[in-house]
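> give the three-dimensional model of this entry:
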Amino acid sequence: MKNAYAVIFSSERNDNDLSGYEETAYHMVELAKTQKGFLDIESVRDNNGIGITISYWETLEDIQNWKKNEEHLVAQQRGKSDWYKSFKVKICKIEREYEF
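Down below sits the predicted model:
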């Protein structure tokens, strides 16, 4: 995945009603997989509601297009109004990758 980009989305869910959260999260992953430039996704969440999702993309333009996707915009708004206490997004260029 060298020379790709990672979007790191870290979040803390609130204590509000999470109706629709799991379904929306699943749908966003499936939708992202169909977008130009999508490479992969990894996601974890602990029992306290802290989560990190990292999606990988070929170009910055692909990331921008995903951010502007109409269904994704609706999910983003719902996250702000209903599901998240806070979140942060970081976009990083992957210079090197190795694994064990």
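> check which residues of the longest helix seen in the chain are buried.
Scanning the chain for the helix with the most residues, using DSSP state H, yields helix 21-33. By 16 or more other Cβ atoms under 10 Å, the buried positions in helix 21-33 come out as Y21, T24, A25, M28, A32. Just so you know, the C-beta spots here come from the backbone N, C-alpha and C atoms, and that holds for glycine as well.
> hey, where'd the strands end up in the chain?
For the chain, the strands defined by DSSP state E occupy 5-13, 38-45, 50-57, 84-93.
> using CSV, lay out those strands together with distance to N65.
Shown next, in CSV, are these (distance: least, Cβ to Cβ, whole Å):
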stretch, distance to N65
strand 5-13, 12
strand 38-45, 10
strand 50-57, 9
strand 84-93, 13
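> can you put the ones you listed in a markdown table and add mean neighbour count?
Formatted as a markdown table, the strands of the chain follow (neighbours: other Cβ atoms under 10 Å):
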| stretch | mean neighbour count |
| --- | --- |
| strand 5-13 | 17 |
| strand 38-45 | 14 |
| strand 50-57 | 18 |
| strand 84-93 | 12 |
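> hey, what's S55 bridged with?
With DSSP bridges applied, S55 shows beta-bridge pairing to V7, I41.
> tell me which of the strands of the chain lies nearest to E71.
strand 38-45 (14.1 Å; Cβ to Cβ).
> residues near the residue nearest to G20 when sequence neighbours are not counted, how many?
In space, and not counting its chain neighbours, G20 is closest to R78: 7.4 Å by Cβ to Cβ, 6 or more residues apart in numbering. The number of residues packed near R78 is 14, by other Cβ atoms under 10 Å.
> E71 against A32, yeah?
No. In this structure, E71 is not within contact of A32 by Cβ atoms under 8 Å, at 10.1 Å.
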